[in-house]
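K.L.:
Got a predicted model here, sequence first, then my questions.
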Amino acid sequence: MPTRMIADRTVSTIGLGGMPMSIEGRPDAARSVATIHAALDEGVTLFDTADAYHLHADEVGHNETLIAGAIASWGGDTSDVLVATKGGHLRPGDGTWYVDGRPEYLKKAAEASLARLGGDAIGLYQFHRPDPAVPYADSIGALVELLDAGTIRLAGISNANVDQIRLAQELLGGRLASVQNQFSPAFRSSEPELELCTELGIAFIPWSPLGGISSAARLGERFAPFQQVAADRGVSPQVVCLAWHLAKSPVVIPIPGASRPESIRDSVHAAGITLTPEELALLG
């Protein structure tokens, strides 16, 4: 599979988002492991997770543990695999979400994530979501400390605006590796952040690139141009959508969620598609 860069790490052009395998409607463990193995078989080397991807209060880090175990059991060479996890966004187990950007909490959460993922450092650790009650610089300060201590190899941020990206890049001394924001045909308001990442050479990792778990299957119905290009090319609208993401900028690395092997096998086809100027104009 073609590759792109996250700081000094080479990763597959298409990553795998692990969230659907651990939240509401999640499949059994065997199918999830089969999905992760299918991704590895197809050359996927970027896996996205978070400590908050779980259902119940007593299973924090469910998706981290699942992904780490599946990668370890694959049997092939995984030395080039990068697992990206996040901290600072929590689920108490009652269906709600809340944020905690306190430096002391983020450092504790990173240590817990490292214990679940294994190894001597987290490949990529991202501050999941800004906490209005905590100065953003303080939260990023925790990433600086984690990076300097060697607990994490790369630092990133998620759900950030332009000013927060610039501040994080400054506080990290130019070591901001990634920005993970929502971006899809249905949600394009992160275009300024994407443009800034392109300017700075920071990886931009769109979450929910197909529109989210409940909408991805209906992408072609909701956005006729994607269905039209898909029909012309003999591929799925989802593949066209991921190819559209890749055409946006060389720093874009979409991470479609998957809970079936068939889904990730379909998604990786996008890496081999180059959309024409006419097609890109149609897709907008």
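P.N.:
Thanks, I have the structure now.

K.L.:
For residue 121, see how far away residue 82 is.
P.N.:
According to Cβ to Cβ, to the nearest Å, residue 82 and residue 121 sit 12 Å apart. Bear in mind the C-beta positions are built from the backbone N, C-alpha and C, glycine included.

K.L.:
who's more crowded, the two?
P.N.:
The neighbour count for residue 82 versus residue 121, taken as other Cβ atoms under 10 Å, is higher for residue 82 (19 against 16).

K.L.:
OK, contacts around that one?
P.N.:
Shown in contact with residue 82 (Cβ atoms under 8 Å, 6 or more residues apart in numbering): 6, 9, 11, 45-47, 123-124.

K.L.:
and if we set it to 7 Å?
P.N.:
Residue 82 makes contact with 6, 9, 11, 45-46, 123-124, according to Cβ atoms under 7 Å, 6 or more residues apart in numbering.

K.L.:
In this protein, what residue spans correspond to strands?
P.N.:
3-6, 9-12, 16-17, 46-48, 82-87, 89-90, 98-99, 122-127, 152-158, 176-180, 203-204 (DSSP state E).

K.L.:
now for the longest one, which elements pack on it?
P.N.:
What that stands for is strand 152-158. Other helices and strands packing on strand 152-158, by 3 or more Cβ pairs under 7 Å, 6 or more residues apart in numbering; DSSP states H and E, are strand 122-127, helix 136-149, helix 162-171, strand 176-180.

K.L.:
export the ones you listed to TSV and tack on mean neighbour count, distance to residue 258 and mean pLDDT?
P.N.:
What follows is the helices and strands packed on strand 152-158, written out as TSV (neighbours: other Cβ atoms under 10 Å; distance: least, Cβ to Cβ, whole Å; pLDDT from 0 to 100):
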stretch	mean neighbour count	distance to residue 258	mean pLDDT
strand 122-127	26	19	98
helix 136-149	19	28	98
helix 162-171	17	28	98
strand 176-180	26	17	98
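
K.L.:
Is it possible to get JSON lines of these that adds distance to residue 209?
P.N.:
Shown next, in JSON lines, are the helices and strands packed on strand 152-158 (distance: least, Cβ to Cβ, whole Å):
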{"stretch": "strand 122-127", "distance to residue 209": "16"}
{"stretch": "helix 136-149", "distance to residue 209": "24"}
{"stretch": "helix 162-171", "distance to residue 209": "19"}
{"stretch": "strand 176-180", "distance to residue 209": "11"}
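
K.L.:
so how far does stretch 192-211 reach from one end to the other?
P.N.:
Stretch 192-211 has an end-to-end distance of 19 Å (criterion: Cα to Cα, to the nearest Å).

K.L.:
who touches it?
P.N.:
Applying Cβ under 7 Å, 6+ apart, the contact partners of stretch 192-211 are 5-6, 17, 160-162, 165, 169, 176-186, 216, 219, 238, 241-242, 245, 248-249, 251-256.
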